[in-house]
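Undergrad: generate a structure from the sequence data that follows.
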Amino acid sequence: MKGKKIKKAKLDWGNLPFGYVKTDFNIRYVYKNGKWSKGKMSADVNITLNMAVPSLHYGQQAFEGLKAFETVDGKIAAFRPDENALRLQRSCKRIFIPPVPTDMFVDAVKRVVAANARFVPPHGTGASLYIRPLVIGTGARVGLGPADEYLFIVFVTPVGPYYKGGFKPVKALVVEEFDRTAPLGVGDCKVGGNYAAGLRGSEYGHDKGYPIVLYLDPKEKKFIDEFSTSNFIGIKGNTYISPESDTILPSITNKSLAVIAAEMGMAVEKRKVDIEEVAAFDEVGAVGTAAVITPISSIKYGDREFTFGAAGKVGPVSTKLYERLTKIQTGELEDTHGWLCGIKA
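TA: Down below sits the predicted model:
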């Protein structure tokens, strides 16, 4: 049975950037006196903060990113919000923010997506509704320490492909001059400081003509960590390989693709990956919520360059993985794992 017809916003759905488009509502929760408030919908795109809040001075904030889709039968579904809730809880615990309960997180996602249903891109446009949950320390203090009040906010925005070319290969550069995280730091959490620390490496790569950069482990500079935007995966024969590291953000997309790879009859390995081993890989991809899979055509490492597949073409395994996951997200393939969270508009 098809979902009810929703009058869509007047947008050029097929040419949306991966950027911010103002929508109708966001949802907000306040943590005060040891408990979270009930969510309140707001049309205001601004937040008012005391200038002494720890989120501004000491980076006490964490966030998430997930997507909602219009499925082939006209319904709306978010992809694995429960996993994002668990990952946010992990980040919160590490930086002393009261964890956002899973049921509260999922309910917030459902409510804010439903309130902005007209901004969910039509099925078949290649666009999606990006969902950004954010939690910040708002209780004013000057001394170093956790805040005593917090704001959890979820907003949404319709987005197109992360890269303008869509599902097309890009070249990557190994950056050894900078680290995105410390060996025993918070690289495995989704906190703003990691991304600020990665800006220098990303801009360094962009200046040299590389859309994406690859970091090695910050301790030995020998093993693959992750790309500037997403997790690293490699395909070698019939094996799906992703690096094992305490400084890598655990990607929900990577986790999902590994399940699909196993269902395709592939061996799945999560282990340390020496950068020298990459030369023998058949395909490489950068995987994450924003782009799902960004195929990597080549990796520049020092004075060497590792190339993968035919020039300008996406590898066959990456193509199958991408198509299967995206078709599950849009209801074109059966969701046998219960990954889709239905939303009533």
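Undergrad: so who does Thr326 touch?
TA: Val292 (C-beta atoms under 8 Å, 6 or more residues apart in numbering). For glycine as for every other residue, the C-beta is placed from the backbone atoms N, C-alpha and C.
Undergrad: now whichever helix or strand Tyr322 is part of: buried residues?
TA: Following DSSP states H and E, one finds Tyr322 within helix 316-329. Buried residues in helix 316-329, counted by 16 or more other C-beta atoms under 10 Å: 317-318, 321-326, 328-329.
Undergrad: how about stretch 279-291?
TA: For stretch 279-291, the buried set under the neighbour-count rule, 16+ other C-beta under 10 Å, comprises 281-291.
Undergrad: what's around Glu220, how many residues?
TA: By other C-beta atoms under 10 Å, 10 other residues sit near Glu220.
Undergrad: so what pLDDT did Lys5 get?
TA: In this model, Lys5 is scored at 77, pLDDT.
Undergrad: does it sit in a helix, a strand or a coil?
TA: Recorded secondary structure, Lys5: coil (DSSP: H, G, I helix; E, B strand; the rest coil).
Undergrad: separation between the residue lying closest to it once chain neighbours are set aside and Gly124?
TA: Spatially, and ignoring its direct neighbours in sequence, Lys5 is nearest to Gly74 (7.4 Å; C-beta to C-beta, 6 or more residues apart in numbering). Here the criterion is C-beta to C-beta, to the nearest Å. By it, Gly74 lies 11 Å from Gly124.
Undergrad: same question, Val112
TA: 24 Å.
Undergrad: scan this protein for its longest helix.
TA: Ordering each helix of the chain by length in residues (DSSP state H) puts helix 192-207 first.
Undergrad: now for that helix, which elements pack on it?
TA: strand 61-63, strand 170-175, strand 212-216 (3 or more C-beta pairs under 8 Å, 6 or more residues apart in numbering; DSSP states H and E).
Undergrad: ok, which stretches of the stretch 51-200 of the chain are strands?
TA: With DSSP state E, counting those that start in this stretch as the criterion, the stretch 51-200 of the chain has strands at 61-63, 66-70, 76-79, 128-137, 150-159, 170-175.
Undergrad: tell me which of those strands sits nearest to Asn194.
TA: strand 61-63 (10.2 Å; C-beta to C-beta).
Undergrad: downstream of the helix or strand harbouring Ala261, the next helix or strand is which one?
TA: Element membership for Ala261 (DSSP H and E) is helix 252-263. Helices and strands here follow DSSP H and E; after helix 252-263, the next one along the chain is strand 267-271.
Undergrad: wait, what's in contact with Val135?
TA: Contacts of Val135 by C-beta under 8 Å, 6+ apart are 61-63, 88, 92, 97, 100, 150-153.
Undergrad: 6 Å instead, please
TA: Residues in contact with Val135 (C-beta atoms under 6 Å, 6 or more residues apart in numbering) are 62, 97, 150, 152.
Undergrad: ok, so of those residues, who is nearest Lys5?
TA: Phe152 (32.2 Å).
Undergrad: thought Phe105 was touching Asn84?
TA: No - here Phe105 does not reach Asn84: they are 7.1 Å apart, not a contact under C-beta atoms under 6 Å.
Undergrad: quick check: phi and psi on the closest residue to Val314 other than its chain neighbours?
TA: Closest residue in space to Val314, ignoring its immediate chain neighbours: Pro295 at 4.5 Å, by C-beta to C-beta, 6+ apart. Backbone torsions for Pro295, taken as degrees, to the nearest 10, come to phi -70, psi 140.
Undergrad: start the count at 56, not 1, going forward
TA: Sure, I'll start numbering at 56, so the last one becomes Pro350.
Undergrad: ok, Pro350 to Ser373 distance?
TA: Pro350 sits 5 Å away from Ser373, going by C-beta to C-beta.
Undergrad: got any ranges where this structure has weak pLDDT?
TA: Counting by pLDDT under 70, the ranges of the chain that qualify are 56-59, 219-220.
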